[in-house]
Every structure is written in C-alpha cells, then in structure tokens.
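# Task: produce atomic coordinates for the following.
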Amino acid sequence: MAWGVAGNIVTTNLDADTDDPSLAREDLYNAMVELTAVINGRGSASGVASLDSSALIPAGQLPNTIESSSGNNLVLAPDTTRVGVQDIINLNPRTVAQLTALSAIQGDVAYCSDGDAGSKCIAVYDGSAWKVVSLGATIST
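This is a model prediction of the structure:
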C-alpha cells in the first residue's frame, strides 16, 4: 500500500463558513482515503515502520542496507556513546592507494589488502597518516 499524498487533500470547500457542504463531501472523502493510506501504510512497503511494544522497529521492517544521501557520512550516534555489534564486522578491503586517496579523519579504521609492506593489515588513521596494525598469528584454541 502506498503512503498518503498530502497533495491529494484539498480544503477549498472546507475553509469558510459560506462553503457549500455538498461540495465539501468530495474533499472530505478524498482526505479520508489519504488518511486510510497512512494508517494502512504502517509496517508495509512504501509506508512507515511501526514500533513494537518495546518502542523498537521489528527486525522484519529493518532494511538490509542503509545508504546515506550523496556526499554525507552515515552516522550512528547512540546516547551511550557505544555502537554494539553482536556478531562480525566485515570491512571492505582497500589498497594503500585507495586509502590514501580518501579524505580520512582521525580514528578511521580500514582493512588494507597491501598496507604492511605488501601484506594484509588493519590500518588506523591518526589524523595525518594511515598507521599499520599488523595481523599476528592465526587464532587457535
């Protein structure tokens, strides 16, 4: 169901005490159709996400991908100052050339495919340069 469209609500026959009630009927009906679209658009595609009893968006209504608008960073700013990830973070591999071409800011972290003398590493931007965090031994129990 599509979300309501404000432009479909006309008040021409509703805004003065001299308006003809018979002409207002169609305007009121069209407004009710749009209101119904808004109500039915809750939790549906092209609508608006609903909230569960804990005031959270149900998992089935969350997108798999979130993209920021052009030229803007995607910012997560929790009140706790921490972003918790329950499983694994996957960093898209970048080369030294790709990382140095970025407008990096202090604290940026990346996975670099060739940054430790040609070897893979984690890289952290310190405000002036990307610094190597070497990958150590293979994990084991």
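# For the rest of this, base every contact and every neighbour count on C-alpha atoms.
OK.
# Now do the helices in the protein.
21-40, 96-101 (DSSP state H).
# deepest of the ones you listed, which one?
helix 21-40 (a mean of 15; mean count of other CA atoms under 10 Å).
# Leaving out chain neighbours, which residue sits closest to L74?
S68 (5.2 Å; CA to CA, 6 or more residues apart in numbering).
# A110 now?
In space, A110 is closest to A123, 5.2 Å off (CA to CA, 6+ apart).
# got it, and L91?
Y111 is the one closest to L91 (CA to CA, 6+ apart), at 5.8 Å.
# distance between the ends of stretch 118-130?
End-to-end distance for stretch 118-130, by CA to CA, to the nearest Å: 14 Å.
# Give the rounded mean pLDDT of that stretch.
Stretch 118-130 shows a mean pLDDT of 96.
# ditto for stretch 75-92
On average, stretch 75-92 scores 93.
# Restricting to C-alpha, output that stretch in PDB.
Output of stretch 75-92 as PDB, limited to C-alpha atoms (Å, rounded to 0.1, in the frame of the first residue of the first chain):
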ATOM      1  CA  VAL A  75      26.300   8.400  11.400                       C
ATOM      2  CA  LEU A  76      25.300   6.200  14.300                       C
ATOM      3  CA  ALA A  77      25.100   8.300  17.400                       C
ATOM      4  CA  PRO A  78      23.800   6.300  20.400                       C
ATOM      5  CA  ASP A  79      23.200   8.100  23.700                       C
ATOM      6  CA  THR A  80      25.500   5.600  25.300                       C
ATOM      7  CA  THR A  81      28.400   6.600  23.000                       C
ATOM      8  CA  ARG A  82      28.900   3.000  22.000                       C
ATOM      9  CA  VAL A  83      27.700   1.100  19.000                       C
ATOM     10  CA  GLY A  84      27.300  -2.600  19.800                       C
ATOM     11  CA  VAL A  85      27.700  -5.300  17.100                       C
ATOM     12  CA  GLN A  86      26.500  -8.700  18.100                       C
ATOM     13  CA  ASP A  87      28.500 -10.700  15.600                       C
ATOM     14  CA  ILE A  88      31.200  -9.900  13.000                       C
ATOM     15  CA  ILE A  89      32.100  -6.600  11.300                       C
ATOM     16  CA  ASN A  90      33.200  -7.100   7.700                       C
ATOM     17  CA  LEU A  91      35.500  -4.300   6.400                       C
ATOM     18  CA  ASN A  92      35.600  -4.000   2.600                       C
END
